[in-house]
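Asker: show me the folded form of this:
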Amino acid sequence: MFIRSIHLENFRNYGRLDLDVGPSVNIFYGNNAQGKTNLVEGIYVASSITSHRTSKDSDLIKFGENEYKAGLDLTDDDGSDVHLVSGYYSEKSSLSRSGRPGRILIADNAPVDKISDYIGICNIVIFAPEDLNIVKNAPAFRRKFLNTLISKVSPSYFNLLTNYSRLLAQKNALLKSIKPNSKSDLTDQQLDFWDFSLAESSAEIILKRYRFAKLISDTASKHHGSISGGKENLSIEYNTVFGVVGALETFLTKNSKYDDYMGKGLSEGDYGRIKGIISDLVLAKLKSVRNYDIEKHISSIGIHRDDILIKLDDLEMKKFSSQGQQRTAALALKLSELEIIKMFVSSTPILILDDVFSELDKTRRLSLVQAMKGAQIFITCTDKNMIGEEIDAIEGANKTEFYKVDGGIITKEA
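Answerer: Here you go, the predicted structure:
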């Protein structure tokens, strides 16, 4: 799949943009703060709905406007045309009903009601300076990385997350409504209902996250070894509700089901058994902290606090690594994302490199481009002449298109 044209309306600094692009390598160059990153962010939002830079849709609306749209015209691997539009409107927009903000999703000129039906139509992997947050910042960044990857190859996973978030919000609302020293049998029964539902939902998400955390660990370790010359060992560990990972690993080992779990998947019977074990463990943990949660009006335990521990030679990188090591690890994680999507999806993902060449040394840059064979690529940079050797290493670079970006005006070179 490749993009033929990009359409932005009231997106960041673009009032209206309609741009045809090439099927191979597209390079957007120009000074900082001219709109290069905004452009590729628009491409990513059009395919993935969310931004890699902000969690607030309202941040993407052009100043003084009330809605944005980001659209792509694509050609699928079978030669058919695909048209996607992802948009958002504020409560002040004429599109708003009852003064509420909302989302616009369109595929082939037809409205899409479920986000899970939209995600995965066009897969894009983006490399950006913000990727360092995955390694060095809070667990929320690593959960987002993991959730985004799983959703791309298994759209139904997004529904699991949505259901869990809804259940958690309802339980938290109940916790906040309980006044001090007013706990009763009724509140216990209500909390029993929400905890049981959360435990059931958690078990399904944990089974997905553990599997993909293992896949990320295996593939990222391989890429990291290649970049670092095998001098350091990168590993990923999934961290969730205490005791759950141990129970899952014991079940898989004892029943010789690890290869099935990582490959074709567990049988319906085995899946039901391990899901029940995990659900019971989570439920017990939720009940064990109930009095504390009532006192603090929070859900102190649950998969909303999950993390993936990124380690270098068995030391957690968030605490014990240099900036250069963090960059290498972030690059290995993104290369892992690319490889895993290729495992599950027949179509090669589209790649975006947003101002990353300036952040990487020559070895890392070449490692990156060597993974790009056969993909459509979008690159942003300040100086197009600084990445000549890397472009030459990309398959199909003879079809490279150059675009100058200046104050939101994009000019294609002849």
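Asker: any idea which helix or strand carries the most centrally placed residue in the chain?
Answerer: By Cα atoms, centre = their mean, the mean C-alpha position of the chain lies nearest to Thr148, the distance being 2.5 Å. Taking DSSP states H and E as the criterion, Thr148 maps to helix 139-153.
Asker: do Ile391 as well
Answerer: helix 388-392.
Asker: packing partners for that helix?
Answerer: Packing partners of helix 388-392 (3 or more Cβ pairs under 8 Å, 6 or more residues apart in numbering; DSSP states H and E): helix 362-369. C-beta: built from backbone N, CA, C; applies to glycine.
Asker: the helices in this protein, which residues?
Answerer: 36-48, 115-118, 132-136, 139-153, 156-177, 185-228, 244-254, 258-262, 268-288, 290-296, 323-344, 362-369, 388-392 (DSSP state H).
Asker: out of those helices, deepest packed?
Answerer: Across the helices of the chain, averaging neighbours per residue (mean count of other Cβ atoms under 10 Å) puts helix 36-48 on top, at a mean of 24.
Asker: contacting residues for Leu339?
Answerer: For the record, residue 339 is Glu, not Leu. 219, 223, 371 (Cβ atoms under 8 Å, 6 or more residues apart in numbering).
Asker: lowest-confidence one in those residues?
Answerer: Lowest in pLDDT among the contacts of Glu339 is Ala371, which has 74.
Asker: how about that one, phi and psi?
Answerer: Per-residue torsions, Ala371: phi -90, psi 10 (degrees, to the nearest 10).
Asker: for the residue nearest to Lys176 when sequence neighbours are not counted, phi and psi?
Answerer: Leaving aside its sequence neighbours, Lys176 sits nearest to His297 (Cβ to Cβ, 6 or more residues apart in numbering; 4.7 Å). Per-residue torsions, His297: phi 60, psi 40 (degrees, to the nearest 10).
Asker: His297 reaches Leu175, doesn't it?
Answerer: Yes. Counting by Cβ atoms under 8 Å, His297 sits close enough to Leu175 to count as a contact (5.0 Å).
Asker: what sits closest to Arg114 if chain neighbours are left out?
Answerer: For the record, residue 114 is Lys, not Arg. Closest to Lys114 by Cβ to Cβ, 6+ apart is Asn159, at 7.6 Å.
Asker: you'd agree the one you found is up against Asp117?
Answerer: No. Using Cβ under 8 Å as the test, Asn159 is too far from Asp117 to be in contact (9.9 Å).
Asker: ok, back up a step: in TSV, list the helices of the chain along with distance to Ser98.
Answerer: Formatted as TSV, the helices of the chain follow (distance: least, Cβ to Cβ, whole Å):
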stretch	distance to Ser98
helix 36-48	25
helix 115-118	21
helix 132-136	36
helix 139-153	29
helix 156-177	20
helix 185-228	28
helix 244-254	41
helix 258-262	46
helix 268-288	35
helix 290-296	33
helix 323-344	38
helix 362-369	47
helix 388-392	51
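Asker: of all those helices, which one is nearest Cys381?
Answerer: Minimum separation from Cys381 across the helices of the chain (Cβ to Cβ) falls at helix 36-48, 8.0 Å.
Asker: can you pull the pLDDT of Tyr68?
Answerer: Value for Tyr68, per-residue pLDDT: 97.
Asker: repeat that for Gly396.
Answerer: 57.
Asker: let's number from 72 now, not from 1
Answerer: From this message on, residue numbering opens at 72, which makes the last subject Gly467.
Asker: ok, now which ones touch Glu162?
Answerer: Per Cβ under 8 Å, 6+ apart, neighbours of Glu162: 170-172.
Asker: who wins on neighbours among those residues?
Answerer: Pro172 (16 neighbours; other Cβ atoms under 10 Å).
Asker: so that residue versus Ser164, what's the distance?
Answerer: 8 Å (Cβ to Cβ, to the nearest Å).
Asker: same deal with Glu138?
Answerer: Glu138 is 5 Å from Ser164, by Cβ to Cβ.
Asker: these two: which is more packed in?
Answerer: Neighbour totals were compared for Glu138 and Ser164, and Glu138 leads with 23 against 18 (other Cβ under 10 Å).
Asker: so Ser438 is in contact with Leu402, correct?
Answerer: Yes. Contact between Ser438 and Leu402 holds when scored by Cβ under 8 Å: they sit 7.0 Å apart.
Asker: need the overlap of contacts for those two.
Answerer: Contacts common to Ser438 and Leu402, judged by Cβ under 8 Å, 6+ apart, are 294, 298.
Asker: Leu110 and Glu366: what is the separation?
Answerer: 49 Å.
Asker: do the same with Gly93
Answerer: In terms of Cβ to Cβ, Gly93 sits 60 Å off from Glu366.
Asker: ok, Ser273 next?
Answerer: 22 Å.
Asker: repeat for Leu238
Answerer: Leu238 is 21 Å from Glu366, by Cβ to Cβ.
Asker: same thing with Ala181?
Answerer: 50 Å.
Asker: do the same with Cys452
Answerer: Taking Cβ to Cβ, one finds Cys452 at 53 Å from Glu366.
Asker: Met388 too?
Answerer: 35 Å.
Asker: same thing with Leu437?
Answerer: Taken as Cβ to Cβ, the span from Leu437 to Glu366 is 55 Å.
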